[in-house]
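> Test case, fold it:
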Amino acid sequence: MGREGLSSRIVTLVEDLARPIVEAMGLELVEVEWVREGGRRFLRLYIDREGGVTLDDCEAVSRSVEAELDRLDPIPGSYYLEVSSPGLERPLKRDADFTRFAGRTVRVTTYAPVEGRKEFVGELLGLVEGQVRLRLPASRQEPEREIAIPRDQVAKAHLYVEF
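Numbers count the residues shown, from 1 in each chain. Take a look at the predicted model:
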């Protein structure tokens with residue numbers, strides 16, 4: 001099995017293991033990453049809840065997930081476990097995220113061009129009939145308008161904060 005296959009398998013395994021633990025604590029498992037940085041391997045869990053997460057939340061999830069990972073020992077070799085908030089630019093992964101964060105500004109990147117573009121920043125209107133609906137702001141070239149992007153064409157989507 002190649003690295004991509006192993007990485008995908010580890011992410012799926014950890015999602016399945018961690019989701020019930022995280023949800024039992026009243027939190028949401030947003031994303032799991034398995035990455036190599038500087039010769040070290042990191043298993044990162046991003047958690048969230050309405051109103052945000054605290055350091056105590058991260059520590060509690062880390063202890064509980066680590067205990068289960070130690071018990072099952074599903075990942076070969078050593079790695080560092082990190083648990084944190086997804087931050088201000090939280091990724092939108094599930095269909096429910098596109099409904100939950102309606103009204104917020106998002107950045108959406110598509111696999112193929114939609115109306116001649118692959119990147120959009122605008123107000124998320126929601127997910128309607130399998131399409132991510134955005135209100136794009138007016139620009140020099142065009143007035144404010146709405147666009148529908150097929151959900152299966154969304155490569156990445158996340159909340160967008162302009163600094």
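> List the beta-bridge partners for the spatially closest residue to Gly77 that is not a sequence neighbour.
Spatial nearest neighbour of Gly77, chain neighbours left out: Arg41 (6.8 Å); criterion: CB to CB, 6 or more residues apart in numbering. Heads up, the C-betas are built off the backbone N, CA and C, glycines and all. Per DSSP bridges, the residues bridged to Arg41 are Arg36.
> For Arg41, list the residues it contacts.
By CB atoms under 8 Å, 6 or more residues apart in numbering, the contact set of Arg41 is 34-35, 77-80.
> Please, a PyMOL command that selects the buried ones among those residues?
Restricted to buried positions by 16 or more other CB atoms under 10 Å, the PyMOL selection for the contacts of Arg41 reads:
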select buried, resi 34+79
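> my read is Leu125 is in a helix, agree?
No - read with DSSP: H, G, I helix; E, B strand; the rest coil, Leu125 is strand and lies in no helix.
> ok, how many other residues are close to it?
18 (other CB atoms under 10 Å).
> what sits against the nearest residue to it once chain neighbours are set aside?
Leaving aside its chain neighbours, Leu125 sits nearest to Arg133 (3.9 Å; criterion: CB to CB, 6+ apart). The neighbours of Arg133, taking CB under 8 Å, 6+ apart as the test, are 124-127, 146-149.
> All set, thanks.
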